[in-house]
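In: got a sequence here, can you model it:
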Amino acid sequence: TTTTTTTATTTGGRMSVCPAYFTSDLGAVYDLSRLERNITTTTLDYAFNYFLNPCGVSTNCEDTSAICRYKINGGDPLSPYTSLGRVNAFNITSFPPNELNQGFIISYGNGDNIGYHCYPQERRSIITFYCSADNDVPVMKYNGDDPACVARITVQASSACAVYIPSTSSITSSTTSTSSSSSSTI
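Out: From the prediction side, this is the model:
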């Protein structure tokens, strides 16, 4: 699995953590510059708004958060925002090798450690991007938090589609040669 960890860079006054392009394990290339935007969703019970900039600081969040949530009613008036991950803890990963052109996973760490069930752990987010050629405007869905304080989010967007896909024959031969070399080195 290809994993890329980058440091934040500032371009034109904006902080970006995504490399311009990301190449998956099977050679699919994604143009991550198309993800430099703010995306918002609200939970079904209208309790929280979630704000995300997949490749930088979300303009709706405080400090250097790429993803945060805002309690709509009854939140702490001094700090209604909870960071679910900051740009200094960015990571991007390929889908497993058999899922070509389906998307990728961006994760953030170093979020706030507030809340009775998270303290002293820092919150993290795992955002799974699925290619959806019909969605020029990304559609984000909050899927819940697990007991380890990890928010799980999915995004369907045309910006999550590969801009280059290698031919199937080169993928098959690459996968076959990897498999055969792995089995012969036991």
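In: how about the residue nearest to Asp112 when sequence neighbours are not counted, secondary structure?
Out: Counting by C-beta to C-beta, 6 or more residues apart in numbering, Asp112 lies nearest to Ser83, which is 4.5 Å off, once chain neighbours are set aside. (C-beta placed from N, C-alpha, C; glycine too.) Look at Ser83: counting by DSSP: H, G, I helix; E, B strand; the rest coil, its state is strand.
In: so Ser83 bridges to which residues?
Out: Beta-bridge partners recorded for Ser83 (DSSP bridges): Cys68.
In: these two touch, right, it and Ser58?
Out: No - with contact defined as C-beta atoms under 8 Å, Ser83 does not reach Ser58; the gap is 9.7 Å.
In: any shared contact partners between those two?
Out: Ser65, Ile67, Cys68 (C-beta atoms under 8 Å, 6 or more residues apart in numbering).
In: about what we covered before: from Phe129, how far out is the residue nearest to Asp112?
Out: From Ser83 over to Phe129 the distance is 20 Å, taken as C-beta to C-beta, to the nearest Å.
In: where do the strands sit along this structure?
Out: 3-4, 9-11, 14-16, 21-23, 29-31, 39-42, 48-52, 65-71, 81-94, 103-109, 124-131, 139-145, 150-157 (DSSP state E).
In: and Tyr46, what does it touch?
Out: Ile72.
In: distance of it from Thr154?
Out: Using C-beta to C-beta, Tyr46 is found at 19 Å from Thr154.
In: could you export stretch 150-170 as CSV, CA atoms only?
Out: Extracted in CSV, the C-alpha atoms of stretch 150-170 (Å, rounded to 0.1, in the frame of the first residue of the first chain):
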residue,chain,number,x,y,z
VAL,A,150,-11.7,8.2,15.1
ALA,A,151,-14.3,10.0,12.9
ARG,A,152,-15.1,8.0,9.8
ILE,A,153,-16.1,10.1,6.8
THR,A,154,-16.8,9.2,3.1
VAL,A,155,-16.7,11.7,0.2
GLN,A,156,-18.0,10.9,-3.3
ALA,A,157,-16.6,13.3,-5.9
SER,A,158,-15.4,13.6,-9.4
SER,A,159,-12.2,15.1,-8.0
ALA,A,160,-11.5,11.6,-6.4
CYS,A,161,-11.3,10.0,-9.9
ALA,A,162,-8.0,9.2,-11.4
VAL,A,163,-6.7,11.4,-14.1
TYR,A,164,-4.5,8.6,-15.5
ILE,A,165,-5.1,4.9,-15.3
PRO,A,166,-2.4,2.5,-16.6
SER,A,167,-3.5,-0.2,-19.1
THR,A,168,-5.0,-3.3,-17.6
SER,A,169,-2.3,-5.5,-19.2
SER,A,170,0.5,-3.6,-17.4
